[in-house]
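Q: Predicted model and sequence follow; I will ask about them next.
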Amino acid sequence: MKNYINPEAAILIVMLLLSATYATAKKDPPPMKFGELTASDFVFDINDHPEFDKNAEAVILCDYGQEFSGVYGSFFQTRTVMHRRMLILNKKGLSQANVEYGFHSVKKSNSSDMLENMSGKYGSFWVTGKGSGVFRIKASSYFLEEDGSITKLDLQKEDIHLLDASELIKNNKIVFSIPAVKVGSIIEYTITEVGEFSLLAIKWYFQHKLPCLHSEFRFAYNETDSYAIITTGLMEMDMKPVESSITSQQFIKYKTKTNKFILEDIPGMKWQPFISSMDNYRAGLMLQLNRYYDKRRGKYKTIISTWEELAEKYTKDPAYGKQLFRSSAQFEEIKNRLPDVNTTDEKIEICFNYVKNKFNWNGFYKRIPERKLNQLINETEASSAEINLFLTRLLREFGINAKAAFASTRGHGLVNPNYPFIGQFNTTVCYIQYQGVDYVLDASNKNQYYRNNPINLIGTKIFPVDMVNPRLVKVSEKRPSSQTIVVNSEIIDGQLVNNVNLKLNGYFALMARNGFTANDNSFIDYYFEVDNTDFEISDLKLFNYSDLNKSFLASFNCKPVNAIIKLDSLLLIEPSSLFQEINKNPFISGSRSFPVEFNYSFKQTFRYNIIIPEGYEIAGIPENRRYIMSDNTAAVDAIYQYSNGNLQIIFVLQSANLIYQPDKYPELKNLFKNWEDLNNISIAIKKI
């Protein structure tokens with residue numbers, strides 16, 4: 001695996017203005033043809049590939065994709081082909097026979113039409129949605145017999161489980177199972193999708209969880225069109241464009257030229273903790289249409305222009321910004337129902353709380369609302385775009401210069417400032433700049449406090465739709481996040497009895513509120529990740545659960561079952577036994593290829609106050625310790641104090657940075673190892 005390359009800074013950009021002539025597909029055939037296998041395809045030794053995971057459950061022998069966009073007859077259309085062949089290496093790999101495919105051309109509302117209109121045989125099935133698209137599924141499994149012959153089993157209609165549409169087509173995905181797969185077999189499937197011509201970005205990933213021997217992507221489009229091609233990921237510099245003469249003459253009726261990218265011997269991408277989006281580091285391509293010729297209107301249309309033009313477009317868009325400037329008796333009526341407040345901060349608070357309490361988020365991140373704002377007046381459920389545009393409009397009713405803003409959540413991926421197109425974003429939020437302070441508001445989270453920027457946007461860049469000052473705005477933390485846990489302990493009848501008090505601020509409080517409901521004992525399960533059979537927990541009390549501008553507080557009593565060990569005249573006390581699970585070192589791999597990305601900067605303090613019983617004394621007090629990273633951004637402290645029969649232990653873990661690059665990983669791993677060791681400490685007391 002190559003060293004980390006910042007995916008935002010090191011992006012290979014290729015602007016292609018195609019001018020090509022026809023050629024036949026025979027001059028440059030695809031890397032594989034469906035069903036054409038030999039016995040040698042079943043022979044694979046993972047030891048021949050030192051960068052591959054030796055425990056991989058399967059290996060992708062070949063991954064092939066095609067994208068053709070252009071004019072078919074008088075319609076703009078896109079055809080996508082995805083063809084994959086893989087060898088199953090062990091029992092875990094059997095799950096690869098269950099395939100989920102996220103389609104684009106078929107609208108979710110037409111799922112029932114698709115099921116009714118499915119037809120085909122011999123492992124190949126065409127699925128159509130009325131007026132919205134069509135795609136074909138073709139799949140087979142192969143087995144090498146003892147005599148060297150190959151047995152083939154085709155996908156059957158029942159393998160697509162058409163009996164219940166709700167189980168199979170959900171969130172724009174279709175699910176099918178390739179039959180009779182076993183260890184040592186090869187599975188193969190191809191999906192062809194034909195649909196409406198799309199202006200949104202096209203993505204192809206060379207890298208997946210499984211290792212891959214050969215991945216290839218080809219794309220073709222009209223000579224009058226131009227695309228921006230962005231390559232990303234750790235293997236970015238290994239991706240090479242290769243000229244190809246292949247065309248799709250049967251599909252595209254205008255002059256086209258196909259270009260292709262090839263990547264070989266691609267390691268599987270292992271999940272690692274503290275990564276906001278693995279897609280930021282996966283080897284891949286993104287193609288964004290820059291300009292195309294609209295034959296029906298006889299003129300060119302530009303997709304990627306400037307941030308200024310993008311701001312103007314969506315400010316004037318009737319489905320987006322234009323709604324924010326229209327007078328509305330309905331919003332005026334809402335304003336009149338809300339409390340009459342004077343300050344801007346108070347107005348932001350009451351508007352935010354009103355919208356947050358009015359709507360339940362339906363779980364969908366959307367850039368553009370599907371309904372107009374006046375249609376939402378009597379609704380209680382909405383998408384992120386609908387909720388936050390509604391909030392923006394209400395704030396403007398109060399005289400606040402609020403802007404709608406496009407945002408990309410951390411899990412969606414980074415925004416490249418060089419390319420001003422909407423496809424980089426996946427949601428809409430509300431943005432206000434007041435007295436030099438940036439308010440980024442997302443009313444889709446019931447537990448969000450208006451003075452805290454949304455946790456899933458920290459460190460990202462949003463684009464306020466503002467014609468006067470179009471720009472990307474970095475979303476930063478506004479309040480410190482801290483967690484303080486105080487444990488008061490004493491030994492009663494040979495058992496450690498604890499009174500535990502928690503104080504959570506900032507995003508610690510938000511995450512806790514998101515994780516459980518008020519006055520619910522599941523708080524213990526959620527927060528401490530412990531088996532309650534090892535603890536006797538009682539008297540749980542929660543404070544300020546709904547008062548978001550205050551610290552979230554909790555207290556309870558507990559008796560850890562095995563917190564004291566008797567050794568002759570010694571007692572070994574484990575004061576932090578309740579917290580050992582949450583304080584484990586999450587960084588266990590020897591090295592790391594990706595940055596460590598914390599959700600927020602933080603400070604955690606654990607304070608143990610232990611009353612030593614009469615007739616005992618401390619056998620020895622550890623020395624105070626401090627571990628600090630070389631750049632002074634993170635540290636661990638341990639302080640021990642003993643006086644008049646009371647032992648006080650203070651552990652502090654803090655990090656000022658959100659992101660640590662891979663070269664800092666050894667230091668960070670060692671820091672957390674020291675933190676884990678401290679929390680596993682045993683205090684020895686002896687009889688006097």
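A: Happy to help now that I have it. Numbers count the residues shown, from 1 in each chain.
Q: residue boundaries of the helices in this protein?
A: 111-116, 165-168, 307-315, 329-337, 344-358, 384-397, 507-515, 522-528, 665-679 (DSSP state H).
Q: Please identify which of these is closest to Phe217.
A: Evaluated with C-beta to C-beta, the helices of the chain place helix 111-116 nearest to Phe217, the distance being 26.3 Å. Every residue, glycine included, has its C-beta placed from N, CA and C.
Q: so where do the strands sit in the stretch 451-600 of the chain?
A: 461-464, 473-474, 482-492, 495-505, 535-543, 552-560, 564-567, 570-573, 596-597 (DSSP state E, counting those that start in this stretch).
Q: Name the residues of stretch 383-400 that are buried.
A: Buried residues in stretch 383-400, counting neighbours by 16 or more other C-beta atoms under 10 Å, are found at 383-398, 400.
Q: Roughly how far does Pro420 sit from Gly321?
A: 16 Å (C-beta to C-beta, to the nearest Å).
Q: on that earlier part again, out of the helices of the chain, which one sits most buried?
A: Looking across these with neighbours counted as mean count of other C-beta atoms under 10 Å, the highest average goes to helix 384-397: a mean of 26.
Q: Taking helix 329-337 as reference, get the angle to that helix.
A: 70 degrees (axes from the mean of the first three to the mean of the last three C-alpha atoms, to 10 degrees).
Q: who does helix 384-397 touch, helix- and strand-wise?
A: Contacts defined by 3 or more C-beta pairs under 8 Å, 6 or more residues apart in numbering; DSSP states H and E place helix 384-397 against helix 329-337, helix 344-358, strand 403-407, strand 427-434.
Q: what's the closest of the helices of the chain to Arg85?
A: helix 165-168 (23.7 Å).
Q: Give me the mean pLDDT for that closest one.
A: Averaged over helix 165-168, pLDDT sits at 40.
Q: cool, and stretch 298-315?
A: 85.
Q: Please enumerate residues in contact with that stretch?
A: 199, 224, 228, 288-294, 320-322, 404, 406, 419-422, 463-467, 470-472 (C-beta atoms under 8 Å, 6 or more residues apart in numbering).
Q: Report the distance from that stretch to the chain centre.
A: Centre-to-centre, stretch 298-315 and its host chain are 28 Å apart (C-alpha atoms, centre = their mean, to the nearest Å).
Q: What's the end-to-end length of that stretch?
A: End-to-end distance of stretch 298-315: 26 Å, with C-alpha to C-alpha, to the nearest Å as the criterion.
Q: Ok, stretch 403-421 next?
A: Counting by C-alpha to C-alpha, you get 18 Å between the two ends of stretch 403-421.
Q: for this structure, which spans come out with low pLDDT?
A: For the chain, the stretches flagged by pLDDT under 70 are 1-27, 70-77, 103-134, 160-173, 196-200, 234-257, 304, 517-521, 527-534, 580.
Q: where's the residue sitting nearest the centre point of it relative to Ile462, distance?
A: Nearest to the mean C-alpha position of the chain, by C-alpha atoms, centre = their mean, lies Gly411 at 2.5 Å. According to C-beta to C-beta, Gly411 stands 15 Å off from Ile462.
Q: again, but for Glu36
A: Distance from Glu36 to Ile462, by C-beta to C-beta: 49 Å.
Q: Between these two, point out the one with more neighbours.
A: Ile462 (26 against 8; other C-beta atoms under 10 Å).
Q: in the sheet, who's paired with that one?
A: On the basis of DSSP bridges, Ile462 is bridged to Val473.
Q: Surely it and Val475 touch.
A: Yes: the criterion here is C-beta atoms under 8 Å, and Ile462 meets it with Val475 at 6.0 Å.
Q: residues shared between the contacts of these two?
A: Joint contacts of Ile462 and Val475 (C-beta under 8 Å, 6+ apart) are 407, 440.
Q: check contacts around Asp294.
A: 300-301.
Q: what's the answer for Phe364, then?
A: By C-beta under 8 Å, 6+ apart, the neighbours of Phe364 are 383-384.
Q: Return the distance of it relative to Ala180.
A: Distance from Phe364 to Ala180, by C-beta to C-beta: 37 Å.
Q: Arg410 too?
A: Remark: distance between Arg410 and Ala180 (C-beta to C-beta) = 41 Å.
Q: higher neighbour count, these two?
A: For Arg410 and Ala180, the more surrounded residue by other C-beta under 10 Å is Arg410, and the numbers stand at 20 against 13.
Q: pretty sure that one is in contact with Ser276, am I right?
A: Yes: look at Arg410 against Ser276 with C-beta under 8 Å: they come within range, at 3.7 Å.
Q: what touches both of those two?
A: 459, 597, 599.
Q: Can you lay out the residues you listed as TSV showing neighbour count?
A: Formatted as TSV, those follow (neighbours: other C-beta atoms under 10 Å):
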residue	neighbour count
Gly459	17
Glu597	18
Asn599	18
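Q: of those, closest to Leu668?
A: Glu597 (11.7 Å).
Q: nearest spatial neighbour of Phe606, skipping sequence neighbours?
A: Once flanking residues are discounted, Phe606 sits nearest to Phe651: 4.4 Å by C-beta to C-beta, 6 or more residues apart in numbering.
Q: So which residues make contact with stretch 136-150?
A: By C-beta under 8 Å, 6+ apart, stretch 136-150 touches 34-35, 37-39, 42, 97, 99, 101, 120, 123-127, 151-155, 159-160, 174, 176, 178-182, 184-193.
Q: just how off-centre is that stretch within its chain?
A: Here stretch 136-150 shows a centroid-to-chain-centroid distance of 36 Å under the convention C-alpha atoms, centre = their mean.
Q: In that stretch, which residues have enough neighbours to count as buried?
A: 136-144.
Q: Show me which pair in those is furthest apart.
A: Checking those with C-beta to C-beta, the most distant pair is Arg136 and Leu144, at 27.1 Å.
Q: what's across from Thr80 in the sheet?
A: Applying DSSP bridges, one finds that Thr80 bridges with Glu67, Glu193.
Q: Distance of it relative to Gly65?
A: For Thr80 relative to Gly65 (C-beta to C-beta), the value is 8 Å.
Q: and if you look at Asn388?
A: 35 Å.
Q: cool, Thr380 as well?
A: 42 Å.
Q: higher neighbour count, those two?
A: A direct count of neighbours by other C-beta under 10 Å for Thr380 and Gly65 places Gly65 higher, at 22 against 8.
Q: Find the nearest non-adjacent residue to that one, please.
A: Nearest to Gly65 is Phe217, by C-beta to C-beta, 6+ apart, at 4.5 Å.
Q: Can you report how many residues neighbour that neighbour?
A: 24.
Q: Test my guess that it contacts Lys260.
A: Yes: using C-beta under 8 Å, Phe217 is in contact with Lys260, at 6.5 Å.
Q: Run through the bridge partners of Lys686.
A: Beta-bridge partners, per DSSP bridges, of Lys686: Leu570, Glu617.
Q: same deal with Leu504?
A: Under the criterion used here (DSSP bridges), Leu504 is bridged to Gln483, Phe552.
Q: returning to what we had before: tell me the contacts of the closest residue in space to the residue nearest to the centre of the chain that isn't next to it in sequence?
A: Nearest-residue entry for Gly411: Ser277, 5.1 Å, with adjacent residues in sequence omitted and distances by C-beta to C-beta, 6+ apart. By C-beta under 8 Å, 6+ apart, the residues touching Ser277 are 410-414.
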